[in-house]
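A.B. asks: structure for this input, please:
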Amino acid sequence: MRWHAGWAGGVILAILALSFAAPRGSASVVPALAVGLVPSLGAFVLHRRDSAEGRDLLLAVWALAGATACGLSGGASGPLAVWCATPMLAAVVLGGARRMVHGAIWSLLAVAVTGLAQADRLTGPVPVGMTGLGLGLIGVTSIAVGLAAALLAPLRAGQVQRPVATFGREVLDQQPNLIVTLDGTGRIDAVFGDAFGSHLPAARLEREGLLATADMAGRPVLEAAMATAIDQGRAAAVFRLADANQTWAAIELRRVSPTRLIAVLRDASAECAREAALEQARADAEALNVGKSRFLANMSHELRTPLNAIMGFSDIMRQRIFGELPPRYAEYADLIHDAGGHLLDLINDVLDMSKIQAERYELSLERLDAREPVQAALRLMRVQADDAGVQLRGLLPGEPLDIDADRRALKQIVLNLVSNALKFTPQGGLVTVSLHSQAGAAELSVADTGLGIAAEDLQRLGQPFEQAGDSVQQGRGTGLGLSLVRAFAELHGGEMVIESRLGEGTAVTVRLPTPKPDEGEPQLEPDRSAASAGANVIAFAPQR
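C.D. replies: Numbers count the residues shown, from 1 in each chain. Okay, the predicted model is just below:
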């Protein structure tokens with residue numbers, strides 16, 4: 001744009017100077033000089049909408065203006081004949097190899113048109129004297145100055161761009177990662193940065209390619225990552241360097257063309273070392289936990305045998321089989337029997353949980369009526385309910401409810417849930433055990449009117465040794481009851497759900513899958529409440 005403005009200014013000055021130096025002869029050549037202003041004015045118009053088509057059109061305007069000015073001033077032998085080369089000069093200024101070819105073509109066409117016009121005597125007379133000399137000087141000077149500007153413009157632009165390019169290269173080389181450009185086979189084109197020092201020099205990368213830098217285990221990972229990046233546009237991987245066992249590299253690949261990639265590599269040794277340490281610590285912790293669980297599971301016989309002896313002998317003393325005992329000794333025998341029973345229950349819970357955690361607990365599945373183990377558990381818990389002054393009620397269906405389950409595990413579920421409910425239900429409260437069929441599952445629910453559970457404690461319950469409430473309430477149990485219930489339910493393919501409100505009570509529901517009825521066999525309707533037809537209500541009121 002500056003060149004066009006300079007051209008216009010130079011032409012205007014030339015018109016004024018020629019008019020002052022040769023006023024008589026300038027009248028015939030001023031129109032020729034004025035034509036030279038047209039392309040400059042056209043450049044100003046096209047500047048607001050600069051485009052490749054607009055620049056090509058400008059070359060045609062330069063060719064037409066040059067040929068016209070040359071024809072008005074005597075044709076090919078006139079002083080402005082050099083202006084036929086202005087399209088080529090404008091192409092150099094506008095830039096682009098294709099445009100320079102077009103400029104050369106337009107210049108040749110301008111020369112050819114001017115020559116034909118002069119041959120047909122269609123051109124104006126050749127100026128003579130001071131007019132001709134001044135006009136020739138203007139033509140040569142304008143072309144020379146324009147050519148110098150065209151040649152100096154790229155050089156000036158290069159002087160500005162070279163420091164920028166050098167600065168950019170320095171930044172790329174000093175950044176903390178390693179940036180490479182490569183093809184889909186791993187061949188490197190360019191390397192920037194020095195993230196790995198002597199472990200991965202740039203010369204080796206350029207010579208051997210990316211795949212050779214990884215160890216044997218990492219090469220398939222790199223190949224897969226490059227294939228993914230070519231196919232999907234991006235990929236990432238982690239691999240170990242071939243000649244440095246402790247050095248790991250993390251690579252991120254991006255596709256820049258159908259067969260070209262750009263990759264950023266960074267040293268991931270510290271991250272991999274931390275992950276390896278954490279993984280080893282996790283494996284060690286799991287091994288210790290499994291070892292503990294297996295130890296307790298294997299100690300089942302050794303722990304239970306002496307307790308059975310203690311309880312057996314204390315029971316003989318309590319029943320006075322070998323005669324009467326002094327009152328104090330009889331009291332001690334009762335205490336020994338009760339403490340032994342409590343300890344045996346605790347050990348049984350710990351051993352069952354250990355077997356489950358060690359994945360050594362095996363269910364003894366059989367087709368049974370779910371009401372039977374529930375009724376047996378209710379009969380066992382009647383004495384404890386009487387001692388606590390709590391009413392224990394069972395709502396069982398009137399028809400058999402067949403499930404495939406472990407009889408002992410199902411009975412243990414009921415015992416644990418009822419025992420928990422009785423512990424946290426105040427005297428005069430109610431504990432209700434209900435059983436019914438619901439949507440292809442047997443639902444066992446134990447609801448109480450006790451203290452309830454806070455919302456923040458509900459998330460923890462069901463995990464081993466987790467308890468709710470204050471220290472007094474936590475002292476009533478071991479925190480294994482609900483975790484065993486959950487584990488037994490999940491071993492059967494079921495689930496446990498706890499619902500509670502503080503101060504209002506708690507309801508724990510265990511859902512166990514029931515076998516699908518045989519084809520043609522009528523399916524029983526679920527019994528939802530004690531009021532259902534045929535439902536059995538078992539109530540154990542506390543003895544007053």
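A.B. asks: wait, Arg204 sits on Val191?
C.D. replies: No. The pair formed by Arg204 and Val191 falls short of the contact definition of CB atoms under 8 Å, at 9.6 Å. All C-beta atoms are positioned from the backbone trio N, CA, C, and that covers glycine.
A.B. asks: any weak-confidence spans in the stretch 201-350 of the chain?
C.D. replies: Counting by pLDDT under 70, the low-confidence segments of the stretch 201-350 of the chain come to 201-202, 244-245, 293, 296-301.
A.B. asks: that should have said the stretch 1-150 of the chain, apologies.
C.D. replies: Residues of the stretch 1-150 of the chain meeting the criterion pLDDT under 70: 1-4, 18-29, 42-52, 95-97, 127-132, 135, 139, 146-147, 149-150.
A.B. asks: at which residues are the helices of it located?
C.D. replies: 2-21, 30-35, 38-47, 52-72, 86-94, 97-119, 129-174 (DSSP state H, counting those that start in this stretch).
A.B. asks: count of neighbours near the closest residue to Arg187 other than its chain neighbours?
C.D. replies: Spatial nearest neighbour of Arg187, excluding adjacent residues (CB to CB, 6 or more residues apart in numbering): Gly209 at 5.2 Å. Counted with other CB atoms under 10 Å, the neighbours of Gly209 add up to 16.
A.B. asks: now do Thr141
C.D. replies: Thr141: 13 surrounding residues under other CB under 10 Å.
A.B. asks: ok, it - contacts?
C.D. replies: In this structure, Thr141 makes contact with Gly10, judged by CB atoms under 8 Å, 6 or more residues apart in numbering.
A.B. asks: check what pLDDT Asp189 gets.
C.D. replies: For Asp189, the model assigns a pLDDT of 80.
A.B. asks: paired strands for the host helix or strand of it, with orientation please.
C.D. replies: According to DSSP states H and E, Asp189 maps onto strand 188-192. Strand 188-192 has its sheet partners listed here by DSSP bridges as strand 178-183 (antiparallel).
A.B. asks: how far does the partner strand sit from its chain's centre?
C.D. replies: Computed by CA atoms, centre = their mean, to the nearest Å, the separation of strand 178-183 from the middle of its chain amounts to 24 Å.
A.B. asks: could you list the buried residues of the strand holding Asp189?
C.D. replies: By neighbour count, and taking 16 or more other CB atoms under 10 Å as the criterion, the buried residues in strand 188-192 are Ile188, Val191, Phe192.
A.B. asks: then stretch 344-358?
C.D. replies: Under the neighbour-count rule (16+ other CB under 10 Å), stretch 344-358 has 344, 347-358 buried.
A.B. asks: TSV please, covering those and showing secondary structure and distance to Leu41.
C.D. replies: Conversion of these to TSV gives the following (DSSP: H, G, I helix; E, B strand; the rest coil; distance: CB to CB, whole Å):
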residue	secondary structure	distance to Leu41
Leu344	helix	110
Ile347	helix	106
Asn348	helix	105
Asp349	helix	100
Val350	helix	100
Leu351	helix	102
Asp352	helix	99
Met353	helix	95
Ser354	helix	97
Lys355	helix	98
Ile356	helix	93
Gln357	helix	91
Ala358	coil	94
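A.B. asks: Serialize those residues to TSV and add fields for distance to Asp231.
C.D. replies: Formatted as TSV, the buried residues of stretch 344-358 follow (distance: CB to CB, whole Å):
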residue	distance to Asp231
Leu344	64
Ile347	60
Asn348	58
Asp349	56
Val350	55
Leu351	55
Asp352	52
Met353	50
Ser354	50
Lys355	49
Ile356	46
Gln357	44
Ala358	45
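A.B. asks: part of a helix, is Met311?
C.D. replies: Yes. If the criterion is DSSP: H, G, I helix; E, B strand; the rest coil, then Met311 is within a helix.
A.B. asks: correct me, but it touches His337?
C.D. replies: Yes. With contact taken as CB under 8 Å, Met311 and His337 are classed as touching, separated by 5.9 Å.
A.B. asks: how about stretch 271-285 as PDB, C-alpha atoms only?
C.D. replies: Output of stretch 271-285 as PDB, limited to C-alpha atoms (Å, rounded to 0.1, in the frame of the first residue of the first chain):
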ATOM      1  CA  GLU A 271       5.400 -39.900  38.800                       C
ATOM      2  CA  CYS A 272       5.900 -43.500  37.800                       C
ATOM      3  CA  ALA A 273       8.100 -44.000  40.900                       C
ATOM      4  CA  ARG A 274       5.400 -42.600  43.100                       C
ATOM      5  CA  GLU A 275       2.700 -44.700  41.500                       C
ATOM      6  CA  ALA A 276       4.900 -47.800  41.800                       C
ATOM      7  CA  ALA A 277       5.500 -47.100  45.500                       C
ATOM      8  CA  LEU A 278       1.800 -46.600  46.100                       C
ATOM      9  CA  GLU A 279       0.900 -49.800  44.200                       C
ATOM     10  CA  GLN A 280       3.500 -51.700  46.200                       C
ATOM     11  CA  ALA A 281       2.100 -50.200  49.400                       C
ATOM     12  CA  ARG A 282      -1.400 -51.200  48.400                       C
ATOM     13  CA  ALA A 283      -0.300 -54.700  47.500                       C
ATOM     14  CA  ASP A 284       1.500 -55.000  50.800                       C
ATOM     15  CA  ALA A 285      -1.500 -53.800  52.700                       C
END
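A.B. asks: contacts for it next, please.
C.D. replies: With contact meaning CB under 8 Å, 6+ apart, stretch 271-285 is reached by Val238, Gln246, Trp248, Ala250.
A.B. asks: what about the last one, how many neighbours?
C.D. replies: Pointing back at Ala250 there. Applying other CB under 10 Å, we find 17 residues neighbouring Ala250.
A.B. asks: what is the burial count for Gly186?
C.D. replies: The criterion is other CB under 10 Å. On that basis, Gly186 has 21 neighbouring residues.
A.B. asks: mind checking what secondary structure it has?
C.D. replies: Secondary structure assignment for Gly186 (three-state DSSP): coil.
A.B. asks: show me what contacts it?
C.D. replies: Gly186 sits next to Gly209, Leu210, Leu211, Ala212, Leu222, Glu223, Met226 when contact means CB under 8 Å, 6+ apart.
A.B. asks: for Ala454, state which of the residues you listed is nearest.
C.D. replies: The shortest approach to Ala454 among the contacts of Gly186 belongs to Leu222, at 53.9 Å (CB to CB).
A.B. asks: partners of Leu182 in the sheet?
C.D. replies: Ile188, Leu261.
A.B. asks: so what pLDDT did it get?
C.D. replies: Leu182 carries a pLDDT value of 85.
A.B. asks: how about the one 4 residues further on?
C.D. replies: According to the per-residue confidence, Gly186 scores 81 in pLDDT.
A.B. asks: how about it, phi and psi?
C.D. replies: Gly186 adopts backbone torsions of phi 100, psi 0, taken as degrees, to the nearest 10.
A.B. asks: cool, and Ile321?
C.D. replies: According to degrees, to the nearest 10, the main-chain angles of Ile321 amount to phi -60, psi -40.
A.B. asks: likewise for Pro426?
C.D. replies: Dihedral angles phi and psi of Pro426 (degrees, to the nearest 10) take the values phi -70, psi 160.
A.B. asks: ok, now which ones touch the residue lying closest to it once chain neighbours are set aside?
C.D. replies: Closest residue to Pro426 in three dimensions, ignoring its sequence neighbours and counting by CB to CB, 6+ apart: Gly450, at 6.7 Å. With CB under 8 Å, 6+ apart as the criterion, the residues that contact Gly450 are Ala421, Phe424, Thr425, Pro426, Gly429, Gly505, Thr506.
A.B. asks: which pair of those residues spans the longest distance?
C.D. replies: Within those, Pro426 and Thr506 form the most distant pair, 13.0 Å apart (CB to CB).
A.B. asks: pull the residues that contact the helix or strand Val374 falls within.
C.D. replies: Val374 is part of helix 371-388 when elements are defined by DSSP H and E. Among residues not part of helix 371-388, those counted as contacts by CB under 8 Å, 6+ apart are 391-392, 394, 396-397, 400-401, 407-408, 410-411, 414-415, 418-419, 422-423, 425, 427, 431, 433, 435, 444, 536, 538, 540, 542-543.
A.B. asks: roughly how far out does it sit from the chain middle?
C.D. replies: Counting by CA atoms, centre = their mean, helix 371-388 comes out at 53 Å from the chain centroid.
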